[in-house]
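Colleague: here are the coordinates; sequence isn't available:
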Ligand SMILES: Nc1ncnc2c1ncn2[C@@H]1O[C@H](COP(=O)(O)OP(=O)(O)OP(=O)(O)O)[C@@H](O)[C@H]1O
Ligand SMILES: Nc1ncnc2c1ncn2[C@@H]1O[C@H](COP(=O)(O)OP(=O)(O)OP(=O)(O)O)[C@@H](O)[C@H]1O
Ligand SMILES: [Mg+2]
Ligand SMILES: [Mg+2]
């Protein structure tokens, strides 16, 4: 029982990270119907910018940890958002009216580009966040273990999801974003500045990806230029699982993915864990073809 | 002889009853119109007949045989072809190929035939190309045979859809608002075409909001409102039916 | 002169769809464009709204050139369009659709007032304000499309086949509403219609388009009796 | 009735390519061999992605099944490697049939993640030495060289002819398929599923057919890959491989065989040309992918409308 | 210039997942080539190093090998991964090019008895032997073995498992499974490991995962000794884990350059630090250096670049060559002769301390 609860906690905290990345993924997908394969690499860049701030700039030397955390979060989000906007301008906007899969290939190209750019700038070695800055305390309840940072990450994901949900569902800008998602040209005809809306999406999505990168850096300490690929794939899986384009779905998908992974490790085989995850995903999709929270879009003929 | 019998079909979407216990029959060789206000459930009835939706209750009998549970592509084989309210062509294929696709259910060539090009397969293909050209000629757009379907004007796309439906050699042709977006002269031409189709021995069931078309060619008209049938009869009867005038035609319904 | 289009040439890829269109609309007028399928009517309206860039020619609104502006800037100047096929935001509510129509408006109270006026014009929309637009009936959708366009308080309303796919009763009420909007709200209307008879009955003037050219421009009354127009667009009825 | 296939400039291209190897050193010939292999894989994937419009990012799974079938039968039972070619195709096709059948109704990106999943499941199964026959992450080594008419194929130059002749066969087969009732049915599904059903096309069964044909062909390619490398391991069939095949198809022009071949040249050949850039080469490659897509959004050689020669019919009179 | 230069190839992962290894291999060789050429070359010929990227991937490696062959190198140093080496072996052998692998420890590579293939790194089975000795010496009874499903790590894990099971002695294997490399959260695995209650965990994978395992184990407040294979030998391990978590970690490795009494190693270390700002991280880069020096020595001694003569010399005549990593000689299969492995332990300062 204790084991089970511990594994549940493990899965929950891992799922929190997946959720945070998946939120950005889903956001971009929702509006452009584009699988942004470069999202994982923006995540990596977030982790590296955080590293630079901590190690090269030495931000914790001059301010106290809490303030440092806030400054880092803001800088990372700003930087990655800028990159995201640039990425959209350069690689996606010219393809907005082209076949959908062309943009997917452009995204793959951008992913390769970013990944190798990070390698050329920082080198191929692993980089390590300074230890013990924020990771000290561990919650110990009934013999279960849960580092506070993980609780923090989970909270951040939840807060971000809630904010995003309200932003998209309850504000006029949110409605404009949804309108663009439904029909670009109709949106332009009512006077929505579609470029602006897409820019907003490419500020928010990548900023969240970057933030997740920073979190992973702080949480696990070790970062490398290839790490985004795996996280990106996991986040994509999570987003699909929850119903792609759906914000609470991305959150739910992330959490469930995390839990499936830790349960598969615990009770089946660690080596087969990822295969088990995909089998579960496929089973869920055969029952709910548009994901757990995805709307069933019966096509109106 | 009764070709198609719609028997007490009901269909709900979520809480909404889109079609409510509707029955009517279509005589072989006739032209029947289905009219009613927007959202009355007309298209839904068509979708049920052609197997795109499955009814919650009721039955569809075609040629004395129940086709209620059949899949869309099987129903085509049985002899029911249709066009769509919003045009659905194969936009990246040529006009000719769109019609050739319609022959799909009447031809057999398969993967091995395609790869080895047996003489009989080639003969079949040649024959179908010829027939397709005839159909294009029949609806009057044969000169565009080599253009992408998406480059046709709206009216011609509608005609192409009809040609493609005819290629499946249907006994019953179902048209969903064929005159939508056409001006009066064009709809007059369409009326001619529908008559010629009927003269080939094909029964026609159509939805239309253009009363000129409906009153001109239909032998029988069925009227739906809020998913239920409210009237059925000859155009003359329908025109005078107060319930239909109130729900659908308006007082000067004859005008438009 | 509210709208002036001169020598407008539009291409889709290599194919020229408009070969030099000239037309104008005076303030307070209802002007209709008739034409067969594929004549280029929708293309003309979309170019005025800035969704398509013209190859040559100019469009000016209130004596200001607008053919280089973005669509949202054009809406801000006071041109709204009810596009072909309505193009509502189906998974948004009726109210959200309306509010998005006013997204170019800064004045919050003005927007609220406008919303009330739309609800007065189309009472059914008020009843359905929290329903998803995609689940409305065809006629209701058309009302919403017009309402959405009016929310931006346009000086000029462009309508592309508003009667398409509508039941006869609704067609009638849509045209009555259009007349009313023009008369009571002072909105200028440029109307594209296949239903030539109905369009000409409310229009002051009309243009006839054929394969990318304007071939006729006359008073609505005289178009109604013009034998060529009768033959081509009014059919035998 | 249709324009005969032999008029295609593609054949001129093949003649030129076949004249090349004697002028090239083994390295460049081997590059051409890789291009050829990926062109075949691309063409087989093109049927699924380009023609039928199904988003498949797990094609490497079928390729792997074919390669492993060959490797196991050859190393364990000493069957001549080329004689297993049809069997490798069959196994891969059967596998595709069985796994795709329950999930073929999924749409767009949902199908995409499922194909990724299938690819990963296969790779993980191989790594974990499933049934004790795949050799785990070591893979299988000591696969025999192919033998044709008592002549052992060994050097890159010899392999060139094997691979490129197979490519030509592939082109002929897939061209014919494309120009047939079946090919049209695939295209119909891509353009509009509902209308396709309205033409009597059994959409699910044709989608499955596309997968099975594509997988069969990828499986046969796996056989040639196995004998060329003589060692195969799960790493050669990672998600990344599927991504490469997918990119080849889209970059070349989805639905176009000519495009796919050019795509293979670019995706496989370009990094070799950039070799001198050393560690920056993948950076340049990624950039090149983006730029090429922007310059040619529909691919380098988008598919052309199939043309039919109907002049003789047009001249006739059809009074019906 | 043909006659006046001798071309040596380096095949390594310059891009991809193992790019850091490949790039360091190149750094070491660049340094050595500079050195040789500064001293007038070998037999009066300048050494020209031809570098090809294998991307850490077998298919790319086959191409890289073809490319090196067509450039007429007489010998190739590299490469890192065993599967990658395997894809290139046949090509070099058919072209009669000497290959000296530096990081490919899979047993079967030399079991084929290819005449031109050598390696400066030891084999997995030798490492497994040392691992089992160590485990026995430290007196552990309930052993958990964790690998990462790579060729190398799985080979080592299975080899060790086999030896432990054979030599009964009351040792029990309570856990045997593989993690997925490249992930970062291993708490689920550690939780599972813990519930198997081993008194020692033998992790045969690479340092990034080892570091994370140690760190997360510490965070879980689970105190169990870990032993790592030689792929965990990298200073970054301590950085990733943190000193507190790394302390007490045992690992097996070829001796570190700093622990080598030889002057060569010290010189290399100094020169490397001077040129690149830090000492080499990876022992495999140093082993690549050994491979290079061995082949230069062979050319010098035989006064020939004929592959048969060189191979013959390496197989039979080369004895006690003072390499950076100890004395070098090869057996008839091309494997390095002699005990190479040592046991290290991490101390409080995060230093790797050679165990007696
Ligand atoms: N797939 C679906 N999901 C949900 N509701 C649907 C669906 N299809 C149709 N409806 C609803 O069912 C009702 C009937 O629709 P239907 O399309 O049959 O009307 P119609 O009579 O064809 O109207 P129109 O003349 O406007 O085409 C409408 O309220 C519509 O919104
Ligand atoms: N997106 C497009 N790409 C290529 N050609 C187009 C496109 N849209 C329209 N066309 C072509 O431009 C011409 C004018 O089309 P347009 O839609 O403006 O006509 P219309 O008068 O509105 O016709 P309808 O009454 O059918 O709506 C037609 O020949 C049409 O085929
Ligand atoms: Mg309808
Ligand atoms: Mg139009």
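Modeller: Great, that's in hand. What you are looking at is a predicted structure, and each value in this text was computed from that prediction instead of being measured. Ligands and ions are numbered 1, 2, ... in the order given.
Colleague: alpha carbons only for contacts and neighbour counts from here, please
Modeller: Will do.
Colleague: touching chain B at all, the worst-scoring helix or strand of chain C on mean pLDDT?
Modeller: Lowest mean confidence among the helices and strands of chain C (mean pLDDT, DSSP states H and E): helix C:227-233, at a mean of 79. Yes - among the residues of helix C:227-233, C:231, C:232, C:233 lie within reach of chain B under Cα under 8 Å from any Cα of the partner chain.
Colleague: hmm, stretch B:133-145 touching chain D?
Modeller: Yes - against chain D, stretch B:133-145 shows contacts by Cα under 8 Å from any Cα at B:133, B:134, B:137, B:138.
Colleague: Three-state assignment for the first one, please.
Modeller: Under DSSP: H, G, I helix; E, B strand; the rest coil, the three-state class of residue B:133 is helix.
Colleague: thinking it is in contact with residue B:142, fair?
Modeller: Yes - in this structure residue B:133 lies within contact range of residue B:142 using Cα atoms under 8 Å: 6.3 Å.
Colleague: what about the two, which has more around it?
Modeller: residue B:133 (23 against 18; other Cα atoms under 10 Å in any protein chain shown).
Colleague: Dig out what residue C:25 forms beta bridges with.
Modeller: residue C:3 (DSSP bridges).
Colleague: Where do the strands of the stretch 151-300 of chain D begin and end?
Modeller: Using DSSP state E, counting those that start in this stretch, the strands of the stretch 151-300 of chain D run over residues D:151-152, D:231-232.
Colleague: Can you say which of the ones you listed is nearest to chain E?
Modeller: Across the strands of the stretch 151-300 of chain D, chain E has its closest neighbour in strand D:231-232 (6.6 Å, Cα to the nearest Cα).
Colleague: Are that closest one and chain E in contact anywhere?
Modeller: Yes - Strand D:231-232 comes into contact with chain E (Cα under 8 Å from any Cα), by way of residue D:231.
Colleague: Let me see the residues that make contact with that strand.
Modeller: D:67, D:68, D:71, D:139, D:140, D:141, D:142, D:143, D:226, E:86, E:87 (Cα atoms under 8 Å, 6 or more residues apart in numbering or on different chains).
Colleague: Same question for stretch E:280-291.
Modeller: E:21-22, E:24-26, E:28-29, E:32, E:77-78, E:80, E:100-103, E:119-121, E:233-236, E:254, E:256-257, E:269, E:272-273, E:323-325.
Colleague: Show me which of the strands of the stretch 151-300 of chain D has the highest average neighbour count.
Modeller: strand D:231-232 (a mean of 27; mean count of other Cα atoms under 10 Å in any protein chain shown).
Colleague: Paired strands for that strand, with orientation please.
Modeller: When DSSP bridges is applied, strand D:231-232 pairs with strand D:140-141 (antiparallel).
Colleague: Run through the residues that contact the one residue in chain A that gets nearest to ligand 2.
Modeller: With Cα to the nearest ligand atom as the measure, residue A:97 is the residue of chain A nearest to ligand 2, at 11.1 Å. The contact partners of residue A:97, taken as Cα under 8 Å, 6+ apart, number zero.
Colleague: three-state assignment of it?
Modeller: Residue A:97 is classified as coil under three-state DSSP.
Colleague: and residue E:196, what are its phi and psi?
Modeller: phi -80, psi 0 (degrees, to the nearest 10).
Colleague: Pull the contacting residues for residue C:100.
Modeller: A:172, A:175, A:176, A:190, A:192, C:148.
Colleague: Under a three-state scheme, what state does it occupy?
Modeller: Secondary structure of residue C:100, per three-state DSSP, is helix.
Colleague: can you check the one 10 residues further on too?
Modeller: Of the three states, residue C:110 takes helix according to three-state DSSP.
Colleague: residues near it, how many?
Modeller: Based on other Cα under 10 Å, the number of other residues close to residue C:110 is 14.
Colleague: In terms of pLDDT, where does the residue of the stretch 51-200 of chain A found nearest chain C sit?
Modeller: Across the stretch 51-200 of chain A, the shortest distance to chain C (Cα to the nearest Cα) belongs to residue A:191, at 3.8 Å. pLDDT for residue A:191: 92.
Colleague: Repeat that for residue A:146.
Modeller: The model's pLDDT for residue A:146 equals 73.
Colleague: Identify the residues contacting residue A:151.
Modeller: residue A:13.
Colleague: oh sorry, the question was meant for residue E:338
Modeller: Per Cα under 8 Å, 6+ apart, neighbours of residue E:338: E:328, E:329.
Colleague: give me the element residue A:157 is part of.
Modeller: Taking DSSP states H and E as the criterion, residue A:157 maps to helix A:148-170.
Colleague: no no, residue B:9
Modeller: Here residue B:9 is assigned to strand B:2-13, by DSSP H and E.
Colleague: Would you check that residue E:17 makes contact with residue E:56?
Modeller: Yes - when contacts are counted by Cα under 8 Å, residue E:17 is listed as touching residue E:56 (7.0 Å).
Colleague: Between those two, which has more neighbouring residues?
Modeller: Neighbour totals were compared for residue E:17 and residue E:56, and residue E:56 leads with 27 against 19 (other Cα under 10 Å).
Colleague: What sits closest to that one if chain neighbours are left out?
Modeller: residue E:13 (4.9 Å; Cα to Cα, 6 or more residues apart in numbering or on different chains).
Colleague: which residue packs closest to residue B:43, ignoring adjacent ones?
Modeller: Counting by Cα to Cα, 6+ apart, the residue nearest residue B:43 is residue B:176, at 7.0 Å.
Colleague: Now residue 36. Its backbone dihedrals?
Modeller: As the question left the chain open, I've gone with chain A. According to degrees, to the nearest 10, residue A:36 has phi -80, psi 90.
Colleague: for it, what are its contacts?
Modeller: A:25, A:28, A:29, A:104, A:107, A:108 are the contacts of residue A:36 under Cα under 8 Å, 6+ apart.
Colleague: switch the cut-off to 6 Å
Modeller: residue A:107 (Cα atoms under 6 Å, 6 or more residues apart in numbering or on different chains).
Colleague: just the one 10 residues further on next, same as before
Modeller: When contacts are counted by Cα under 6 Å, 6+ apart, residue A:46 is found next to A:76, A:210, A:213, A:214.
Colleague: Flag every buried residue along the helix or strand harbouring the last one.
Modeller: Going back to what we said before, that points to residue A:214. Using DSSP H and E, residue A:214 maps to helix A:194-220. Applying a neighbour-count criterion of 16 or more other Cα atoms under 10 Å in any protein chain shown, one finds A:194, A:197-220 buried in helix A:194-220.
Colleague: what about whichever residue of the stretch 1-150 of chain A sits closest to chain B, how many residues close to it?
Modeller: For the stretch 1-150 of chain A, the residue closest to chain B is residue A:99, as judged by Cα to the nearest Cα, at 12.2 Å. By other Cα under 10 Å, 14 other residues sit near residue A:99.
Colleague: pLDDT score for the closest residue to it other than its chain neighbours?
Modeller: Leaving aside its chain neighbours, residue A:99 sits nearest to residue D:298 (6.7 Å; criterion: Cα to Cα, 6+ apart). We have a pLDDT of 90 for residue D:298.
Colleague: so how many other residues sit close to residue D:298?
Modeller: There are 21 residues near residue D:298, going by other Cα under 10 Å.
Colleague: Name the SS class of the spatially most central residue of chain B, please.
Modeller: Computing the C-alpha centroid of chain B and ranking residues by Cα atoms, centre = their mean puts residue B:174 first, at 1.9 Å. Assigned state for residue B:174: strand (three-state reduction, three-state DSSP).
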